[in-house]
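# Make a model of this:
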Amino acid sequence: MGLLATIILGGIAGWLASIIAGTNARMGAIANVIVGVIGAVVGGMIFNFAGGRGVTGLNLYSLFVSVVGASVVLFVVKKLFR
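The predicted structure is shown next:
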């Protein structure tokens, strides 16, 4: 994926995951992008391990994979720093 597509997908995925995790009020745009990009990597590993595909480009499936991964990342971070 291109850099701009990665940033767009990461920003949207991080924002949606922060809404799901209830951390939206504490996170800014940069944090959403970072969590979303890390979430895309984690989600890709989770889906590959389960026999599916990881992030495939700028599409709804990749957004779903990224949101799942970003939600897992936020859940783990919330548990570690509680």
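# hey, let's count contacts and neighbours off CA atoms from now on
Noted.
# Enumerate the residue intervals of the chain where per-residue confidence is below the cut-off.
Where the chain drops to pLDDT under 70, the residues are 1.
# That one: helices as residue ranges?
For the chain, applying DSSP state H gives helices covering 3-21, 29-49, 60-80.
# buried residues in the last one?
To tie it back to what came earlier, the one meant is helix 60-80. For helix 60-80, the neighbour count (16 or more other Cα atoms under 10 Å) marks 62-75 as buried.
# And the second one, by the same measure?
Judged by neighbour count (16+ other Cα under 10 Å), helix 29-49 contains these buried residues: 31-47.
# Would you mind pulling the contact partners of that helix?
Helix 29-49 has contacts (Cα atoms under 8 Å, 6 or more residues apart in numbering) with 6-15, 17-18, 53-55, 62, 65-74.
# For that helix, output the C-alpha coordinates as PDB.
Only the C-alpha atoms of helix 29-49 are listed here, as PDB (Å, rounded to 0.1, in the frame of the first residue of the first chain):
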ATOM      1  CA  ALA A  29      -5.600  12.200  15.400                       C
ATOM      2  CA  ILE A  30      -1.900  11.200  15.500                       C
ATOM      3  CA  ALA A  31      -2.600   8.600  18.200                       C
ATOM      4  CA  ASN A  32      -5.500   7.200  16.100                       C
ATOM      5  CA  VAL A  33      -3.200   6.900  13.000                       C
ATOM      6  CA  ILE A  34      -0.500   5.200  15.100                       C
ATOM      7  CA  VAL A  35      -2.900   2.800  16.700                       C
ATOM      8  CA  GLY A  36      -4.600   2.100  13.400                       C
ATOM      9  CA  VAL A  37      -1.300   1.300  11.600                       C
ATOM     10  CA  ILE A  38      -0.100  -1.000  14.500                       C
ATOM     11  CA  GLY A  39      -3.600  -2.500  14.500                       C
ATOM     12  CA  ALA A  40      -3.400  -3.300  10.800                       C
ATOM     13  CA  VAL A  41      -0.200  -5.200  11.400                       C
ATOM     14  CA  VAL A  42      -1.700  -7.000  14.500                       C
ATOM     15  CA  GLY A  43      -5.000  -7.700  12.700                       C
ATOM     16  CA  GLY A  44      -3.100  -9.100   9.700                       C
ATOM     17  CA  MET A  45      -1.200 -11.500  11.900                       C
ATOM     18  CA  ILE A  46      -4.400 -12.600  13.700                       C
ATOM     19  CA  PHE A  47      -6.300 -13.200  10.500                       C
ATOM     20  CA  ASN A  48      -3.300 -14.900   8.800                       C
ATOM     21  CA  PHE A  49      -3.000 -17.200  11.900                       C
END
